[in-house]
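Engineer: Provide a 3D model corresponding to the input given below.
(chains A and B)
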Amino acid sequence: MEFLGLVNYALFMAIFIAIYALLALGLNIQWGFAGLFNAGIAGFFAVGAYTSAILTSPAAEGRLGGFELISPLGWIGAMIAAALVAWPIGKICLRFRSDYLAIASIGIAEIIRLVIKSEPALTNGARGIPGIPRPFGDLGYMESQVAYLIIVLAVLIAVYVLVERQFNAPWGRMMRAIRDNEDAAKAMGKDVEFRRLEAFIFGAALMGLGGALFAHFNRSITPEAIDPMVATFLVWIMLILGGSGNNRGAILGAAVVWIIWSVSEIATDQLPHEYAVQAKYIRLFLIGLMLQLVLRFRPEGLLPEPLRGDQRAAKSEADR
Amino acid sequence: MKTKFLALAAGLMAATALASAPAQADVKIGLVGGVSGPIAAMAPAMIDAAQLAVQQVNEQGGIGDGETLSGVVGDSACNPQNGTDAATKAVNIEGVVGLVGPHCSGAVLAAAGSVTIPAGVVLVTPSGTSPEITGLEDNDTVFRTVPSDDYQGRALARTLKEQGYEKVAVAYLNNDYGTGLANAFRTEFADQLGGEITQFAAHEEGKASYRSNLAELAKGGADTLVIFDYGDGTGLTILRQALENGFFEKFVGGDGMKSDAVINELGAENLATFVASSPVGEASESLDVFNAAFTGVGGDPDAIFANTSYDAAFMLALALEKNGGQKDGLGAALRSISTGEGEPIMPGEWSKAKELIAAGTAIDYKGAAGDHNFDENGDVPGTFALFEVGSDGFEVLTQMK
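Structural biologist: This next block holds a predicted model:
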């Protein structure tokens, strides 16, 4: 294990964490602030990834494509497409509450996956789309990873600042009011349905952006990437562990979970060589165990939702 | 609360920080595969087969001056997220000089695109059959020991035409295997060779009855049904119901249909008009050698992709020997050990190969799953044969080109 290798690995992890942090921030808008149980993250991730892939990759026989736009345009397109897909879904499904919405959104993610898998004219079907350009991808291995990390970090910081601003604005207070007491918010004259839809679309757009950044990093996207385990439930674990309702928590959760997910494989590789295959299952167990422990001992997550207004006053009163 | 939280965090960190210095080995190759995830049932045999190659190399003198070869197992979970993660760790943390795997095409595309091509590490996949892998701009670093889906479909089309089949209906399973084969078959049979495909229809897995599908397929008046499906699953049901109801007279299958389950369930006497294609590796002497060796270490030689995994690892080892254990130029070395010319090397003949390489003699590896002479894209053309059902099970009817 040489130093440069470690740096490359760290860069790779940082890029993945930033991409997952975008997904977790998107989910935080939906769940943390609007209370919408969206279990279909993979669907919006896929819409974003494929939209950007179609917009930026070179032409190929037998499928839509060949626009060869520059990557940032692809990413913007991905956000728009994910938002457009989210709109009718939200319009219909947001009338469901909590677990019903979760079931409906799992179903929708599965529908999106199957459409992508069986529409070769649109997405090249089960074979996926290769040859997606990566910005600065012509540089050497490490340089190109550094350049991509800078790009995703810039995107993540911009998104974080904007989302944070939005949460502290009256909009954020209104969303929390709707989440915590819908009837009261309605009585205050808030258009609950419309605001929920707004949060749903906003979050979905961020998930689409995450998907697009993922596709460009790997230079390819295939239906195998839309696996609910790694594209939906891992993101949920990140948000719950980091602290739903807290943007910094969402990012921290993404970092902690991905580091454990990835680094634990190095740890399990220390087991004797005859257990090399079996050892791979330990990390699945580790993630599950971690979620259990967090839910048992710290249900509000590593960084809980910041207390605001009266609650904060009451808390400082109690501390005194 | 605070202490509990700290204890929790410390516990979790400790679990991951166990990573001490990895066991010291001289030359490492990565064995990255879908250990967890959808192909978890297939992956262990594939990895064991690759480990068998590593073991044989070490028993017969190792790489170069008796350096040990070691296979580092990574879990690609059959998806791009874990595939790139496993490949990054193998390349950067373990410092492997070559990679066998990942197993699934999507993971291969992603790992190649973001890790191995930029890092200049050779990747040999034993089971990624997607035609998209052919077109990667890989600086001669991406290879495979399994033919692309395109080849078999096309070869089958040419052979059927030669055998005098003119008018067929095609039924295929709606997944990447079935779709890939069926599309390649259609392109070659109908567009290139002028055969007639009367019906071309996908079906879903696991239904109790396919009689309505079959009635639909029979409408065009074809007497032959081509089935791209699995003979121990839906394909068997379709074949049985087609026979029972007399929808078609002749039946053709891809390699998935060449399953003993078909003969056991339907009886050889009912399958006189059934033929199936399969990689010809299944009849070679190399394969017998591999099967004996793999059985010897407790493996199941019939496990799917076990022989391609073995070949991938053994060829990588041969290339390393030729290239002095170096990473640079490994792609060219990999081509040079299996060109179709030179002293033939069978699976397991490591010490013989080692001597020949030391003496500068050209060698030609004859793999368990085929000859593996790579084309310019790093693909193997794959040689197939058409099998018919005889008294002792499947028998070769003709070679396919």
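Engineer: what are the ranges of the strands in the stretch 251-400 of chain B?
Structural biologist: B:274-279, B:343-345, B:363-365, B:384-390, B:393-400 (DSSP state E, counting those that start in this stretch).
Engineer: same question for the third one, mean pLDDT?
Structural biologist: By that I understand strand B:363-365. On average, the pLDDT along strand B:363-365 is 92.
Engineer: what of the second one?
Structural biologist: Mean pLDDT, computed over strand B:343-345, is 91.
Engineer: can you count the residues close to residue B:358?
Structural biologist: 11 (other Cβ atoms under 10 Å in any protein chain shown). Backbone N, C-alpha and C define where each C-beta goes, glycine included.
Engineer: gap between it and residue B:337?
Structural biologist: Per Cβ to Cβ, to the nearest Å, residue B:358 is found 13 Å from residue B:337.
Engineer: same thing with residue B:103?
Structural biologist: 23 Å.
Engineer: likewise residue A:209?
Structural biologist: In this view, residue A:209 and residue B:337 are 46 Å apart by Cβ to Cβ.
Engineer: domain-wise, how is chain B divided?
Structural biologist: Listed domain ranges for chain B are B:27-146+B:305-365, B:150-278+B:383-400 (source: automatic domain parsing).
Engineer: most tightly packed of these?
Structural biologist: Here the criterion is mean neighbour count by mean count of other Cβ atoms under 10 Å in any protein chain shown, and of the domains of chain B the winner is domain B:27-146+B:305-365, at a mean of 23.
Engineer: so which helix or strand of chain A has the lowest pLDDT on average?
Structural biologist: Ranked by mean pLDDT, DSSP states H and E, the helix or strand of chain A with the weakest confidence is helix A:309-319, at a mean of 61.
Engineer: what about stretch A:192-211, average pLDDT?
Structural biologist: Stretch A:192-211 shows a mean pLDDT of 95 in the predicted model.
Engineer: no no, stretch A:102-120
Structural biologist: For stretch A:102-120, mean pLDDT is 90.
Engineer: what's in contact with that stretch?
Structural biologist: Applying Cβ atoms under 8 Å, 6 or more residues apart in numbering or on different chains, the external contacts of stretch A:102-120 come out as A:37-44, A:46-47, A:50, A:62-63, A:85, A:89, A:93, A:96, A:122-123, A:125-127, A:223, A:226, A:228, A:232, B:174, B:179.
Engineer: just the buried ones among these, please.
Structural biologist: Among those, the ones that count as buried by 16 or more other Cβ atoms under 10 Å in any protein chain shown are A:37-44, A:46-47, A:50, A:63, A:85, A:89, A:93, A:123, A:125-127, A:223, A:226, A:228, A:232, B:174, B:179.
Engineer: mind listing the strands for the stretch 1-150 of chain A?
Structural biologist: A:129-130.
Engineer: per-residue confidence at the residue in it positioned nearest to chain B?
Structural biologist: The nearest approach of the stretch 1-150 of chain A to chain B comes at residue A:126, 3.3 Å away (Cβ to the nearest Cβ). Per-residue confidence for residue A:126 comes out at a pLDDT of 79.
Engineer: that one contacts residue B:174, correct?
Structural biologist: No: with contact defined as Cβ atoms under 8 Å, residue A:126 does not reach residue B:174; the gap is 9.1 Å.
Engineer: let's have the strands of the stretch 251-400 of chain B in TSV, adding distance to residue A:142.
Structural biologist: As requested, these are arranged in TSV below (distance: least, Cβ to Cβ, whole Å):
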stretch	distance to residue A:142
strand B:274-279	40
strand B:343-345	37
strand B:363-365	34
strand B:384-390	43
strand B:393-400	46
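Engineer: where does chain A dip in pLDDT?
Structural biologist: Residue ranges of chain A with pLDDT under 70: A:1, A:309-320.
Engineer: same check on the stretch 151-300 of chain B?
Structural biologist: For the stretch 151-300 of chain B (pLDDT under 70), the answer is B:280-283.
Engineer: for chain A, what are the nearby residues on the stretch 101-250 of chain B?
Structural biologist: Residues of the stretch 101-250 of chain B found near chain A (Cβ under 8 Å from any Cβ of the partner chain) are B:104-107, B:109-110, B:113-115, B:118-120, B:130-132, B:135-137, B:174-176, B:179-180.
Engineer: switch to 6 Å and redo it
Structural biologist: Residues of the stretch 101-250 of chain B lying near chain A by Cβ under 6 Å from any Cβ of the partner chain: B:104, B:106, B:109-110, B:113-114, B:118-119, B:130, B:132, B:176.
Engineer: among the residues you listed, which two are most distant?
Structural biologist: B:119 and B:176 (27.5 Å; Cβ to Cβ).
Engineer: you'd agree residue B:84 is up against residue B:114?
Structural biologist: Yes: between residue B:84 and residue B:114 there is a contact at 5.1 Å, judged by Cβ atoms under 6 Å.
Engineer: export the residues of the stretch 101-250 of chain B next to chain A to TSV and tack on secondary structure?
Structural biologist: Converted to TSV, those look like this (DSSP: H, G, I helix; E, B strand; the rest coil):
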residue	secondary structure
B:104	coil
B:106	helix
B:109	helix
B:110	helix
B:113	helix
B:114	helix
B:118	helix
B:119	helix
B:130	coil
B:132	helix
B:176	helix
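Engineer: check contacts around residue 121.
Structural biologist: The chain I'm using is chain A. For residue A:121, the contact set (Cβ atoms under 6 Å, 6 or more residues apart in numbering or on different chains) comprises residue A:63.
Engineer: not quite, I wanted chain B
Structural biologist: Residue B:121 neighbours (Cβ under 6 Å, 6+ apart): residue B:91.
Engineer: for it, what are phi and psi?
Structural biologist: With angles defined as degrees, to the nearest 10, residue B:121 sits at phi -100, psi 140.
Engineer: distance of it relative to residue A:222?
Structural biologist: Relative to residue A:222, and taking Cβ to Cβ, residue B:121 is found at 21 Å.
Engineer: quick one: what helix or strand has the closest residue to residue A:294 other than its chain neighbours in it?
Structural biologist: Leaving out its chain neighbours, the residue that sits closest to residue A:294 by Cβ to Cβ, 6 or more residues apart in numbering or on different chains is residue A:241, at 5.1 Å. Assigning secondary structure by DSSP states H and E places residue A:241 in helix A:234-242.
Engineer: now swap in residue B:205 and tell me
Structural biologist: Judged by DSSP H and E, residue B:205 forms part of no helix or strand.
Engineer: coming back round to it: just checking, next helix/strand downstream of the helix holding residue A:241?
Structural biologist: helix A:247-268.
Engineer: these two touch, right, residue B:35 and residue B:42?
Structural biologist: No: with contact defined as Cβ under 6 Å, residue B:35 does not reach residue B:42; the gap is 10.1 Å.
Engineer: and residue B:375, how many neighbours does it have?
Structural biologist: 10.
Engineer: got the phi/psi numbers for it?
Structural biologist: Phi and psi for residue B:375, reported as degrees, to the nearest 10, are phi -90, psi -170.
Engineer: need the pLDDT of the residue lying closest to it once chain neighbours are set aside.
Structural biologist: In space, residue B:375 comes closest to residue B:381 once its chain neighbours are excluded; the distance is 6.4 Å by Cβ to Cβ, 6+ apart. According to the prediction, residue B:381 has pLDDT 81.
Engineer: just the CA trace of stretch B:271-281, in CSV.
Structural biologist: Output of stretch B:271-281 as CSV, limited to C-alpha atoms (Å, rounded to 0.1, in the frame of the first residue of the first chain):
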residue,chain,number,x,y,z
LEU,B,271,-36.4,-34.5,-28.5
ALA,B,272,-35.3,-35.9,-31.9
THR,B,273,-35.9,-32.5,-33.6
PHE,B,274,-34.3,-30.4,-30.8
VAL,B,275,-30.9,-28.8,-31.3
ALA,B,276,-29.0,-26.4,-29.1
SER,B,277,-25.9,-24.3,-29.5
SER,B,278,-23.2,-24.1,-26.8
PRO,B,279,-19.5,-22.9,-26.5
VAL,B,280,-17.4,-25.7,-27.9
GLY,B,281,-15.2,-25.6,-24.8
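Engineer: what does it contact?
Structural biologist: When contacts are defined by Cβ under 6 Å, 6+ apart, stretch B:271-281 is touched by residues B:156, B:250-255, B:257-258, B:287, B:369-370, B:382-389, B:397.
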